[in-house]
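Visitor: Give me a 3D structure for the following:
(one chain, ligands or ions: 1)
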Amino acid sequence: MLTKVISDFGSGRVRATTVAISDPGPLERYLSAKEPGSAFLRRGEGFVGLGEVARFETDYIDTADVWWTEIATQIDHDSELPGASGIGPLAVGSFAFDPDRSAFRSVLTIPRTIIGRRGGQYWLTQIGEHRNQTLPAPGDAPRFPEHLDLGHGTVTQDEWAGIVARCVELIRQGDIHKVVLARDLIAKADGPIDLRAVLGRLIERYPMTWTYLVDGMVGATPELLVRVADGLVTSRVLAGTISVDPDHTDPLAKAAQLARSTKDIREHEFAVESVAQALEPFCRAMNVPEAPSVLPLPNVLHLATDITGVADADVSALRLAAALHPSAAVCGTPTHLALDTIAAIENMDRGRYAGPVGWVDTEGDGEWAIALRGGYSGPDAPDQIRLFAGAGIVADSQPGAELEETRAKFVPMLQALGLD
Ligand SMILES: C=C(O[C@@H]1C=C(C(=O)O)C=C[C@H]1O)C(=O)O
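Guide: The predicted model follows:
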């Protein structure tokens, strides 16, 4: 059996209520240590989810899409903001990178309470029986761990550089063009790690990213796999990276260096092509810019392409995430050979790192980012967090430079944990 519903709506109908509220302050303050909470926030917009009325554990994104589409038809929604994309009951999820070879399951949950902000509008949504329309009190203050030790993860840095060198050899044999290889680090604390504290620091330093907290996954990702809003589809493809050190480098010179790098441009083209091809069957019209722009973040610069399209009617954001994952930005090209290469040489279980993380509403609108620049802390080891970072390997990759790139990609999480 591939699916497990922890609690369900049963066969009856479920009510949900959405009311407009005045500015509740920073949304992440409403997360509490006492109950499961989720967050998906960017530049102060997005939502936090409190509690859980249903939870679906699965392996595949398509299965989750079918489950949610059915559940969505059972919800009667009373809303003061009817018809607004993303405002109302929704499901929040995090999916495994390679479900066929992972010990980790994918999860979709329906929060009991949602507090959100979009386009300057604030709202409160309550789902299920215990509805009351007052804003919950903010949660207790997040606790920062006092002592944290950082150790290497599944492989050491030297071992990883060796894996990259092997991968370059495989690519030079000719069948595979690009493979994204990742490594992990493990941070251990002297007590349970409060992921709300990590989230808060990421929000502070990386407001331009999608900051997420979903079922033990926390991070600040700059990459949007897909957004569907009112029939419009958007995807932000990133691939091609240069690290920046704000104190010592001239960011404009670095941006020019990245924009001219043939290695990075090739890496980027593979990623754009994989997303454009996967979106095409679901879109009536699509715009794929010819050349990438440079996306500046505090720790790295990326080559970036924003693909937009007009979605066919009734295609949900989750369905598109299923079609797009794994893109060449986090897997490689051709997809199946890259996936097999990762499984054969990377030597670790990515779990839900580099899988889609995000939300979908009852109309199928939603946002699914790629779970990057983050980590996982689970109930079996709450005093530790596993951090992940990867880099796209092509024929002319240098192991030392790729190692450096992963170091730069760990920075947001290391800073958030006070380990930089
Ligand atoms: C794999 C990661 O990032 C991906 C790989 C990139 C690259 O190789 O240049 C850039 C952005 C992401 O698509 C990561 O952050 O762990």
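Visitor: just how off-centre is stretch 194-209 within its chain?
Guide: Here stretch 194-209 is found 14 Å from its chain centre; the criterion is Cα atoms, centre = their mean, to the nearest Å.
Visitor: now swap in stretch 215-229 and tell me
Guide: Using Cα atoms, centre = their mean, the offset of stretch 215-229 from its chain centre is 3 Å.
Visitor: all helices of the stretch 51-200 of the chain, in order?
Guide: When secondary structure is read from DSSP state H, counting those that start in this stretch, the stretch 51-200 of the chain shows helices at 61-72, 157-172, 195-205.
Visitor: Quickly list what the residue nearest to residue 56 when sequence neighbours are not counted is bridged to.
Guide: Closest residue in space to residue 56, ignoring its immediate chain neighbours: residue 108 at 4.6 Å, by Cβ to Cβ, 6 or more residues apart in numbering. Backbone N, C-alpha and C define where each C-beta goes, glycine included. Beta-bridge partners for residue 108, by DSSP bridges, are residue 56, residue 93.
Visitor: The residue in the stretch 1-150 of the chain that the ligand sits nearest to: what's it in contact with?
Guide: Closest residue of the stretch 1-150 of the chain to the ligand, Cβ to the nearest ligand atom: residue 97 (10.3 Å). For residue 97, the contact set (Cβ atoms under 8 Å, 6 or more residues apart in numbering) comprises 326, 330, 350, 351, 352, 353, 354, 355.
Visitor: how about 6 Å then?
Guide: 350, 354, 355 (Cβ atoms under 6 Å, 6 or more residues apart in numbering).
Visitor: Confirm that the first one lies within a helix, as I assumed.
Guide: No. With DSSP: H, G, I helix; E, B strand; the rest coil as the criterion, residue 350 is located in coil rather than a helix.
Visitor: Return the residues in contact with it.
Guide: Contacts of residue 350 by Cβ under 6 Å, 6+ apart are residue 97.
Visitor: Roughly how far does it sit from residue 243?
Guide: 22 Å (Cβ to Cβ, to the nearest Å).
Visitor: picking that back up, now, which of the contacts of residue 97 sits nearest the ligand?
Guide: Out of the contacts of residue 97, the member with the shortest distance to the ligand (by Cβ to the nearest ligand atom) is residue 354, at 6.1 Å.
Visitor: Was I right to think the closest one contacts residue 332?
Guide: No. Using Cβ atoms under 6 Å as the test, residue 354 is too far from residue 332 to be in contact (11.4 Å).
Visitor: hang on, the earlier thing: surely the residue nearest to residue 56 touches residue 93?
Guide: Yes. If you go by Cβ under 6 Å, residue 108 and residue 93 touch, sitting 3.9 Å apart.
Visitor: who's more crowded, the two?
Guide: residue 93 (31 against 27; other Cβ atoms under 10 Å).
Visitor: And the ligand, is the helix or strand where residue 375 lies touching that?
Guide: Assigned by DSSP states H and E, residue 375 falls within strand 374-376. No. Shown here: strand 374-376 not in contact with the ligand (Cβ under 6 Å from any ligand atom), separated by at least 8.7 Å.
Visitor: and the residue in the stretch 101-250 of the chain positioned nearest to the ligand, how far is that from residue 136?
Guide: In the stretch 101-250 of the chain, the residue that lies nearest the ligand is residue 241 (3.4 Å; Cβ to the nearest ligand atom). Distance, residue 241 to residue 136, using Cβ to Cβ: 40 Å.
Visitor: These two - which one has more neighbours?
Guide: residue 241 (24 against 15).
Visitor: What segments of the stretch 301-420 of the chain are helices?
Guide: 317-324, 335-345, 399-416.
Visitor: Next, format those as TSV and append distance to the ligand and mean neighbour count.
Guide: Listed next are these as TSV, based on distance: least, Cβ to the nearest ligand atom, whole Å; neighbours: other Cβ atoms under 10 Å:
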stretch	distance to the ligand	mean neighbour count
helix 317-324	12	24
helix 335-345	11	18
helix 399-416	4	20
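Visitor: Good, wrapping up.
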